[in-house]
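Engineer: Pasting a predicted model and its sequence here:
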Protein chains: 2
Amino acid sequence: MQFTIQRDRFVHDVQNVAKAVSSRTTIPILTGIKIVADHEGVTLTGSDSDVSIETFIPKEDAENEIVTIEQEGSIVLQARFFAEIVKKLPGETIELIVQDQFATTIRSGSSVFNLNGLDPEEYPRLPQLEEDLLFRLPQDMLKNMIRQTVFAVSTQETRPVLTGVNLETEEGELICTATDSHRLAMRKATIERNDEELTFSNVVIPGKSLNELSKIIDDSNELIDVVVTENQILFKFKNLLFFSRLLEGKYPVTKNMIPAQSKTSFTLKTKPFLQTLERALLLSREGKNNVINLKTLDEGLIEITSIQPEVGKVTENIQSEQMQGEDMRISFNGKNIIDALKVIDSEEINIVFTGAMSPFVIRPTDHDHYLHLFSPVRTY
Amino acid sequence: MQFTIQRDRFVHDVQNVAKAVSSRTTIPILTGIKIVADHEGVTLTGSDSDVSIETFIPKEDAENEIVTIEQEGSIVLQARFFAEIVKKLPGETIELIVQDQFATTIRSGSSVFNLNGLDPEEYPRLPQLEEDLLFRLPQDMLKNMIRQTVFAVSTQETRPVLTGVNLETEEGELICTATDSHRLAMRKATIERNDEELTFSNVVIPGKSLNELSKIIDDSNELIDVVVTENQILFKFKNLLFFSRLLEGKYPVTKNMIPAQSKTSFTLKTKPFLQTLERALLLSREGKNNVINLKTLDEGLIEITSIQPEVGKVTENIQSEQMQGEDMRISFNGKNIIDALKVIDSEEINIVFTGAMSPFVIRPTDHDHYLHLFSPVRTY
């Protein structure tokens, strides 16, 4: 194999596929990045067997030559070194030559690296997916959906299915749900389907995969194709393929958890409420339980308190709007509410309580694309 | 005690004194910040017994009122909470009230914190230094002197005196030296003395203290007063006092270590040389010894190589200027050279070798304010 490639484009794509590579893998060949040069261009692949990323760099792009292929071929190079090396190379182009025994030479400017490559035949093949079930959504919307749900997945492996975000369709909408059984984040979005009949449920993507995907996709409104199969999901955009395995197991039915009635409800400005909770958390996080107390006072005033006996106490009164229903006294994990308020882009939120010992719901006031559900904490 | 103070100014000064406070102290009162309000203003103190920082906030500053003192007094508040709390308070002013039993109330905007304070009488007194030996230098120069030496101090406690930077005067100049016995950084500067007779030597400031000091001083050319005593050093600027204890023990005489003769010498562009070494280090740091090899070739060419048998090899040729003397082959700890090149602000450096097994010197070509000395590494 021998080719010469534009450094910046190569660095960009190598960094992208390197995101899938884990140094902790038990499969030695997966510590590498696979590089294939053929008559169309250069293909790079990285994988940790949960997530696989493949990118293609065409020979030409909008009349600019990107790659010159002198000889087709393939090689696997240690990702840890290779990704660092290409980033630091001094020239505007990089020449990559593979000789006998996978001996690889990388030249750029005054720099010559001789690296021991690995046998590309050993590299596992990526899954070939049937692209029957396909839907489309803009990159920025997907990025937001990930941001607004993935923080709520469980970090505990006791119920593995809860470490993922669940995808399902309902009346032409995509619904993403994450829960660690103490809090739940739900986000809806309209998607474009290739077939009106396309429906699915219990498609659970590992939170870790979505975090990696989120780092790669742009804030643009270009469309991403999403292909769903039995145990894999594929995101396709530009010249990049992002595969993730799906989590096994039955995702809990969450629809019935969301209370329909209300005992007490009011509206608050998102940002000041967030800041008040952050101040209260300064004391309560010390006790490691993050407990913050909320109490309704007269005339729509809300009292937020938290106590850490050894350190002290904080009290703050904030003004709510549209107060309805009974007086309420409730305690909750303040960190969970803060996480949710941070991803709510709306200026105002509505809180609906159903009792001091029952779950409560936070929704933006200006649309119903998402909601956050929380269990209260017993403090006696 | 009761006073009302402008939030931004108070936050700024609390963050500064908090830098001296360590949560790992064995003296409970030192986990706190001492606050004293008297008729002139508010004084804040933080200390970990090695470093102590005191700042003073006057009642007025250039006709603006900063503090209103309603009642004089003092208190000690847990630095970890207090520094975080003031930073997050919502109002433009902060009211601080101390009642019985050191119960402290902090009010700002809608927020009320009740904190358990500590007895200010228990807080140790800062040293009272005789200000006989005093010199002055601009803040930005001191910041540069710290940056250009402190990285070379030893991190090992086997020879405690080497964990500090040594200060001495010589012919009206201040000389700062740091060495871990494998490399040495030396920086000279002209200082302003209150007495022509002022001389000192073996004033060894812990590297850790200098790193903290560096975070507090500005890039301005305002003068700092420095007071040196037997076992303490004091830096005075604006309304801030920074005390550090000095290290005990005899600092090695380093002057004789710097070779006067030359077997081989040449000049290199600083930045390209740094980048070449950084690429070579990508492989050699893997072996944990950071060994990089340098070899002179014909016509002023320098070959830089590093080998990591399991991974590969890197070779790079760079062009030197003003090559003089014998051919040279030497190996060194590349990380040490990189550290030094990063703090050299000059465009070109001159390297002087005295043999493959003898120390070598790097100096900027445009002035003699600093030099860096390195031991080679045996590779056979």
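Structural biologist: Perfect, I can see it now. Residues are numbered from 1 along each chain as shown, chains lettered A, B, ... in the order given.
Engineer: ok, A:Glu92 to A:Ala62 distance?
Structural biologist: Applying CB to CB, to the nearest Å, the value for A:Glu92 to A:Ala62 is 18 Å. In this view, the C-beta of every residue, glycine as well, is placed from N, C-alpha and C.
Engineer: try A:Pro90
Structural biologist: A:Pro90 is 26 Å from A:Ala62, by CB to CB.
Engineer: Looking only at neighbour counts, state which of those two leads.
Structural biologist: Applying other CB atoms under 10 Å in any protein chain shown to A:Pro90 and A:Ala62 shows that A:Pro90 carries more neighbours, namely 14 against 6.
Engineer: What helices and strands are in contact with the least confident helix or strand in chain A by mean pLDDT?
Structural biologist: None of the helices or strands of chain A scores lower by mean pLDDT, DSSP states H and E than strand A:192-193, at a mean of 82. Here strand A:192-193 touches strand A:134-138, going by 3 or more CB pairs under 8 Å, 6 or more residues apart in numbering or on different chains; DSSP states H and E.
Engineer: List the residue ranges of the stretch 201-350 of chain A that fall below the pLDDT cut-off.
Structural biologist: Filtered on pLDDT under 70, the stretch 201-350 of chain A yields the residue ranges A:287-288.
Engineer: Contact residues of it facing chain B?
Structural biologist: Proximity of the stretch 201-350 of chain A to chain B, by CB under 8 Å from any CB of the partner chain, involves residues A:272, A:275-276, A:278-279, A:282-283, A:286, A:310-318.
Engineer: before we move on, what about the stretch 51-200 of chain A?
Structural biologist: Counting by CB under 8 Å from any CB, the stretch 51-200 of chain A sits next to chain B at A:78, A:81, A:84-85, A:88-90, A:104, A:110-116.
Engineer: Return the member of those nearest to chain B.
Structural biologist: Proximity of these to chain B (CB to the nearest CB) peaks at A:Leu115, which lies at 3.8 Å.
Engineer: if I've got this straight, that closest one is in a strand?
Structural biologist: Yes - counting by DSSP: H, G, I helix; E, B strand; the rest coil, A:Leu115 is located in a strand.
Engineer: hang on, isn't it packed against A:Gln78?
Structural biologist: Yes - taking contacts as CB atoms under 8 Å, A:Leu115 lies within contact range of A:Gln78: 7.2 Å.
Engineer: what residues are shared contacts of these two?
Structural biologist: B:Val311 (CB atoms under 8 Å, 6 or more residues apart in numbering or on different chains).
Engineer: I'd like to know which elements the helix of greatest length in chain A is packed against.
Structural biologist: In chain A, taking DSSP state H as the definition, the longest helix is helix A:270-284. Counting contacts by 3+ CB pairs under 8 Å, 6+ apart, helix A:270-284 is packed against strand A:291-296, strand A:301-308, strand A:312-319, helix A:334-343, strand A:348-353, helix B:79-88, strand B:111-116.
Engineer: For A:His367, give me phi and psi.
Structural biologist: Backbone torsions of A:His367, given as degrees, to the nearest 10, read phi -160, psi 170.
Engineer: residue contacts, the residue lying closest to it once chain neighbours are set aside?
Structural biologist: Nearest residue to A:His367, sequence neighbours excluded (CB to CB, 6 or more residues apart in numbering or on different chains): A:Ser346, at 7.2 Å. With contact taken as CB under 8 Å, 6+ apart, A:Ser346 is in contact with A:Thr270, A:Pro364, A:Thr365, A:Asp366, A:His367.
Engineer: quick revisit: among the helices and strands packed on helix A:270-284, which is nearest A:Asn144?
Structural biologist: Closest to A:Asn144 of those is helix A:334-343 (CB to CB; 8.5 Å).
Engineer: Output that closest one as CSV, restricted to C-alpha atoms.
Structural biologist: Only the C-alpha atoms of helix A:334-343 are listed here, as CSV (Å, rounded to 0.1, in the frame of the first residue of the first chain):
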residue,chain,number,x,y,z
GLY,A,334,-31.2,18.3,44.1
LYS,A,335,-28.4,17.0,41.8
ASN,A,336,-31.0,15.2,39.6
ILE,A,337,-33.2,18.3,39.2
ILE,A,338,-30.1,20.4,38.4
ASP,A,339,-29.0,17.9,35.7
ALA,A,340,-32.5,18.2,34.1
LEU,A,341,-32.7,22.0,34.4
LYS,A,342,-29.3,22.3,32.7
VAL,A,343,-30.6,20.7,29.5
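Engineer: In the stretch 201-350 of chain A, what residue lies closest to chain B?
Structural biologist: Closest point on the stretch 201-350 of chain A to chain B, by CB to the nearest CB, is A:Gly312, at 3.7 Å.
Engineer: What about that residue, how many residues nearby?
Structural biologist: Other residues near A:Gly312 number 24, with proximity taken as other CB under 10 Å.
Engineer: Now do the contacts for it.
Structural biologist: A:Gly312 touches A:Leu283, B:Phe81, B:Thr104, B:Phe113, B:Asn114, B:Leu115, B:Asn116, counting by CB under 8 Å, 6+ apart.
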